[in-house]
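Asks: sequence unknown, structure follows:
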């Protein structure tokens, strides 16, 4: 199996209701995502974009079909295991930021590390580093409500990457932002992508597709068009993966 | 795991701090319940302490015979509480006293019979005076300190009485009353002794000596219609003979009363059980009321936790999205309710002892503090936290993250 494949979906179906009220958010959905791709998913409202993102993010469960994440079949694993994978492998960015209002932003950023079991000092150190990267280092102990929308979304991005996840899922991250903040956020996402992160982003804004390496248009729970703008060979690779490959190659030689 | 423990603890602390007033009021609910339990346990403990101290003073050679009714049935408790006379119908008689005195190893035996009657002093009638009928031997079992005069003796027992310190003041406005006379049921009695002030209304005889008029039980039996013996005190010659003598007394009384076994023969620690069944019932009822208030406090915790869960629906969604398992969320909320109830418990323990000290200022009780009481109440508040925190925590843990995230304010 190609170890560059992060996600493999096969025959994924999400059904709501039964009988007359039966409707499909996803129908026989097939998708393979490689490491380092920056995918934009577009389509009209109700075409299943968010459902797809929730299933990939292990927040939701498909009614039917296969979902292989990093070589592990996760279609029918326990809720506890899904929570663990969410903490370790997935970073979420939401349209409405979804920061905890009562916690200072540094605690918000450190939140995913709580559930992978890192000690507090390590958590705060990593969160602080992440915030510095997004030029929020001087506001670590501000509350989310004291920041602008663009700053809040950057906090959310910091939270998404702090645990070095396999994939970053973004659900209309610029939907609530003005164009200036929106550009800043997209530039940050681009920078993250260039470091080798895999990003799947849902958007309504066709102008943003310039950032993507692959654009998928969805219609009625299925893929309508799927266009790759960058060839697989030219996708950025994370440093850790490169090192890993070198080691494996050495071992093989021996 | 230990680290998650600390994280949950810190989380709970922050959340409680944020809602300071609300958390304090919730704790107060628990604190009042715990405080009343502490107060009741401390006071009943002090009564038991008082009586066992007294027994220690008297010596270990004591056997106490008490009439017993079927105390456990509800009807008899109600009867006892509603009856005009607070004395139960005793099945002990003066002939029982006589029979016990003839047994081996018995050094002294004396009845304790109490009634409330009207007495006359210098043309003034004094109603409801406590009259203690006993025998001269009382003095050799349980020596009472006399302020003046002597105790009643075999020679003068038909026309002599000893009166308590407070009663003397009430009747004559003086404690220098040896030689004065009182009239009881048209018979004149000379006061031969005044008791020193004792100030122990709670004792194993269940007699308030300061307010009592002490006379011979046989003389009393001639004057009142029926004499109610509430207790027979027996002193044995040696401690070794306690068990065997108690056995003998039991057998003799069964024979005397033609097989009736409605009495108890106690010695040692068994005597210290609260002498008054009324007191016992009251303290049990108070404990029940305190228990109810604790349950109410627990419901308060549950209520506030449910509010907290509803308020933080969005937070729960976020936490789950970034990787919290249902179990993490469960623990987070259980910890919060545990901290509330434990903090309430601590407040209650302090409040309870402060109240006990205040009560001890105006009553003869001394507050009785033991680590058992503290441990019991601490465990109780712990249990309250778990019992009433589980449902809200389960509710929080079972939330669907997608649904919760949609709850954007």
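Replies: Received it, and whenever you're ready, just let me know what you need. These numbers come from a predicted model, not from an experiment.
Asks: wait, what's in contact with the residue lying closest to residue B:217 once chain neighbours are set aside?
Replies: For residue B:217, ignoring the flanking residues on the chain, the nearest one in space by CB to CB, 6 or more residues apart in numbering or on different chains is residue B:133 at 3.7 Å. The C-beta positions use only the backbone N, C-alpha and C, and glycine is treated the same way. Taking CB atoms under 8 Å, 6 or more residues apart in numbering or on different chains, we find residue B:133 in contact with B:111-115, B:215-217, B:219-221, B:227.
Asks: give me the residue from chain B nearest chain A.
Replies: Of all residues in chain B, the one sitting closest to chain A is residue B:323 (2.4 Å; CB to the nearest CB).
Asks: can I assume that residue sits in a helix?
Replies: No - using DSSP: H, G, I helix; E, B strand; the rest coil, the secondary structure at residue B:323 is coil, not a helix.
Asks: confidence score at it?
Replies: We have a pLDDT of 90 for residue B:323.
Asks: what's the nearest residue to it if we skip its chain neighbours?
Replies: residue A:87 (2.4 Å).
Asks: Using the three-state scheme, assign the one you found.
Replies: helix.
Asks: and it, what is it in contact with?
Replies: Counting by CB under 8 Å, 6+ apart, residue A:87 makes contact with A:112, A:115-116, A:163, B:322-324.
Asks: Just give the number of residues close to residue A:84.
Replies: 18 (other CB atoms under 10 Å in any protein chain shown).
Asks: element containing it?
Replies: helix A:79-89 (DSSP states H and E).
Asks: per-residue confidence at residue 208?
Replies: No chain was given, so I picked chain A. 90.
Asks: not what I meant, chain B
Replies: On the pLDDT scale, residue B:208 is placed at 82.
Asks: Now it. Its backbone dihedrals?
Replies: phi -90, psi 90 (degrees, to the nearest 10).
Asks: That one and residue B:199, how far apart?
Replies: Taking CB to CB, to the nearest Å as the measure, residue B:208 falls 10 Å from residue B:199.
Asks: Could you give the separation of the host helix or strand of residue B:281 from the chain centroid?
Replies: With elements taken from DSSP H and E, the one containing residue B:281 is helix B:277-311. Between the centre of helix B:277-311 and the centre of its chain there are 20 Å (CA atoms, centre = their mean, to the nearest Å).
Asks: can you list the residues of the stretch 1-150 of chain A near chain B?
Replies: Contact residues (CB under 8 Å from any CB of the partner chain) of the stretch 1-150 of chain A with chain B: A:54, A:57, A:59-60, A:79-80, A:83-84, A:86-88, A:90, A:92, A:94, A:96, A:98-100, A:102-103, A:111-112, A:114-117, A:119-120.
Asks: same thing but 6 Å
Replies: A:54, A:59, A:80, A:83, A:86-87, A:92, A:96, A:98, A:100, A:102, A:111-112, A:114-115 (CB under 6 Å from any CB of the partner chain).
Asks: Show me the helices in the chain, by range?
Replies: Using chain A. For chain A, the helices defined by DSSP state H occupy A:49-56, A:79-89, A:105-114, A:120-133, A:149-161, A:179-194, A:239-253.
Asks: wrong one, I was asking about chain B
Replies: B:2-18, B:20-58, B:74-82, B:94-101, B:138-141, B:165-172, B:217-223, B:242-256, B:277-311, B:313-321, B:326-362, B:371-397, B:401-406.
Asks: which residues are contacting stretch B:116-128?
Replies: B:129-131, B:171, B:182-184 (CB atoms under 6 Å, 6 or more residues apart in numbering or on different chains).
Asks: Please identify which pair of the residues you listed lies farthest apart.
Replies: B:130 and B:183 (16.6 Å; CB to CB).
Asks: Looking at these two, which one has more neighbours?
Replies: Here residue B:130 and residue B:183 are compared on neighbour count by other CB under 10 Å; more neighbours surround residue B:130, at 18 against 15.
Asks: contacting residues for that one?
Replies: B:116, B:211-212.
Asks: now swap in residue A:95 and tell me
Replies: Contact analysis of residue A:95 by CB under 6 Å, 6+ apart lists A:171-172, A:175-176.
Asks: out of these, who has the most neighbours?
Replies: residue A:171 (22 neighbours).
Asks: So, low pLDDT: which residues of the chain?
Replies: Defaulting to chain A. A:1-3, A:238-254 (pLDDT under 70).
Asks: try chain B instead
Replies: B:1-3, B:58-59, B:68-89, B:201-202, B:259, B:269, B:272-279, B:408-409.
Asks: So it: which segments form each domain?
Replies: Domain ranges of chain B: B:2-50+B:280-406, B:92-261, per automatic domain parsing.
Asks: In stretch B:95-104, which residues are buried?
Replies: Residues B:96-97, B:99-101, B:103 are the ones in stretch B:95-104 that count as buried (16 or more other CB atoms under 10 Å in any protein chain shown).
Asks: follow-up on the earlier one: tell me the buried residues within the contacts of residue B:133.
Replies: For the contacts of residue B:133, buried by 16+ other CB under 10 Å: B:111-115, B:215-217, B:219-221, B:227.
Asks: In JSON lines, list those along with distance to residue B:237.
Replies: Shown next, in JSON lines, are those (distance: CB to CB, whole Å):
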{"residue": "B:111", "distance to residue B:237": "20"}
{"residue": "B:112", "distance to residue B:237": "21"}
{"residue": "B:113", "distance to residue B:237": "25"}
{"residue": "B:114", "distance to residue B:237": "28"}
{"residue": "B:115", "distance to residue B:237": "32"}
{"residue": "B:215", "distance to residue B:237": "28"}
{"residue": "B:216", "distance to residue B:237": "24"}
{"residue": "B:217", "distance to residue B:237": "23"}
{"residue": "B:219", "distance to residue B:237": "28"}
{"residue": "B:220", "distance to residue B:237": "28"}
{"residue": "B:221", "distance to residue B:237": "28"}
{"residue": "B:227", "distance to residue B:237": "28"}
